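Engineer: dropping a prediction and its sequence here:
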Amino acid sequence: MDQLAPSSPQRIGLIAGWGRYPLVVAEALRRQGRKTYCLGTIGHADPALAEACHDFRWLGLAKFGAAIRYFHQHGVSQAMMAGKIFKVRLFQRWSWLRYLPDLRTIRMFAPHFWTRRKDCRDDSLIGAVVAEFAAEGIRFAPPTDYLPELLVEPGQLTGRGPSAWQEKDIAFGWRIAKEMGRLDIGQSVAVKDQAVMAVEAVEGTDECIRRAGLLCRAGGFTVVKVAKPQQDMRFDVPTVGLRTLQSLVEAGGKVLALEAGRTILLDQAEAIDFADRHRLVIVARSPSF
């Protein structure tokens, strides 16, 4: 009977990637009394999602046709995406044979990966997915519409604030990160003494931080993470959590600057406690900074 029920605003589809963010979203939706029908991306999603969602299925990385059928079967017309997809895996040798895309995925991504008529930027690939689902009556919504409290507020979040030199690095890194976002390259940059140590691309924030640590053995660098100027809050919202802070400590970084209102800080109380214990600085600046 559940599969034949009509679409309801209480029914939410969730495509879950890597990290804690999808689990936080699923648990919040459950507390709100919503039924979450979750597709966990194989090799990415947390198995704990099976307990947090009304229904849970594993989904291959290149099985968008199966995802559309699943949502139709459960009367889902509104969905969301949460969690990181390791896009770098798509550029590994024989990746498409490994993931065996279904026919719908092949048609959708052929202009990007085979005929090369279109590029493979994040915005381009996500746009193709959104259009395909919309054609089937499934609309994506920002998870933060349901959990606005996850978006970090402006101000100094830790007991320690930035020094005058660190403030200069924040301002410098902010300009670089915004320009990188405008070009759809990445959302994070590591800087020291107003020099760029590392920039984020397809590898993700944690790897960017680790590379900065290798290149800046003296430590003390600043990481700036911002939303893209054209950021679609439905997808790829800048997100940091305890794992990112652990990477920062291990690499020797000292400052993390985030964009207020457009960046998610997971498990904020725990994250700030960790930062204070390790003498990190975390600040959130307004988008107009």
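Structural biologist: Arrived safely, thanks for sending. Residues are numbered from 1 along each chain as shown.
Engineer: helices of the chain, residue ranges please.
Structural biologist: Remark: helices assigned in the chain by DSSP state H are 21-31, 49-52, 64-73, 95-99, 103-113, 122-134, 164-182, 205-215, 242-251, 268-277.
Engineer: what does the fifth one rub up against?
Structural biologist: Read it as helix 103-113. 62-65, 68, 90, 96, 101, 117-120, 124-125, 128-129, 132 (C-beta atoms under 8 Å, 6 or more residues apart in numbering). Every residue, glycine included, has its C-beta placed from N, CA and C.
Engineer: now do that helix, average pLDDT.
Structural biologist: Averaged over helix 103-113, pLDDT sits at 85.
Engineer: in it, which residues are buried?
Structural biologist: Arg104, Thr105, Met108, Phe109, His112, Phe113 (16 or more other C-beta atoms under 10 Å).
Engineer: again, but for the last one
Structural biologist: By neighbour count with 16+ other C-beta under 10 Å, helix 268-277 contains the buried residues Gln268, Ala271, Ile272, Phe274, Ala275.
Engineer: pretty sure the last one contacts Gln268?
Structural biologist: By that I understand Ala275. No - with contact defined as C-beta atoms under 8 Å, Ala275 does not reach Gln268; the gap is 10.3 Å.
Engineer: so who does the closest residue to Lys35 other than its chain neighbours touch?
Structural biologist: The shortest distance from Lys35 to any non-neighbouring residue, by C-beta to C-beta, 6 or more residues apart in numbering, is to His54 (4.0 Å). The contact partners of His54, taken as C-beta under 8 Å, 6+ apart, are Arg30, Lys35, Thr36, Tyr37.
Engineer: which among the helices of the chain is found nearest to Ser286?
Structural biologist: Among the helices of the chain, helix 164-182 comes nearest to Ser286, with 10.9 Å by C-beta to C-beta.
Engineer: contact partners of the closest one?
Structural biologist: Outside helix 164-182, the residues touching it (C-beta under 8 Å, 6+ apart) are 162, 186-194, 196, 199-200, 221-231, 254-255, 257, 281, 283, 285, 289.
Engineer: tell me which of those fall in strands.
Structural biologist: Among those, DSSP state E puts 188-192, 196, 199, 222-225, 255, 257, 281, 283, 285 in strands.
Engineer: among these, who's most crowded?
Structural biologist: Comparing the ones in strands among the contacts of helix 164-182 by number of neighbours (other C-beta atoms under 10 Å), Ala190 comes first, having 32 neighbours.
Engineer: now that one: how far from Gly43?
Structural biologist: 27 Å (C-beta to C-beta, to the nearest Å).
Engineer: repeat that for Gly241.
Structural biologist: Taking C-beta to C-beta as the measure, Gly241 falls 20 Å from Gly43.
Engineer: of these two, who's got more company?
Structural biologist: For Gly241 versus Gly43, neighbours defined as other C-beta under 10 Å are more numerous around Gly241 (19 against 14).
Engineer: so that one touches Asp267, yeah?
Structural biologist: Yes - with contact defined as C-beta under 8 Å, Gly241 counts as touching Asp267 (6.1 Å).
Engineer: okay, and the common contacts of these two?
Structural biologist: Common contacts of Gly241 and Asp267 (C-beta under 8 Å, 6+ apart): Arg20.
Engineer: check contacts around the residue nearest the centre of the chain.
Structural biologist: Nearest to the geometric centre of the chain sits Asp236, at 4.0 Å (C-alpha atoms, centre = their mean). Asp236 sits next to Asp122, Ile126 when contact means C-beta under 8 Å, 6+ apart.
Engineer: measure it to Ile264 for me?
Structural biologist: 11 Å.
Engineer: for the chain, give me the ranges with low pLDDT.
Structural biologist: Under the criterion pLDDT under 70, the flagged ranges of the chain are 1-9, 87-92, 94-99.
Engineer: returning to what we had before: TSV for the helices of the chain, including distance to Tyr146?
Structural biologist: Formatted as TSV, those follow (distance: least, C-beta to C-beta, whole Å):
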stretch	distance to Tyr146
helix 21-31	6
helix 49-52	14
helix 64-73	17
helix 95-99	30
helix 103-113	27
helix 122-134	18
helix 164-182	24
helix 205-215	24
helix 242-251	22
helix 268-277	17
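Engineer: once you drop chain neighbours, what's closest to Gly137?
Structural biologist: With C-beta to C-beta, 6+ apart as the criterion, Gly137 has its nearest non-adjacent residue at 5.6 Å, and that residue is Ser77.
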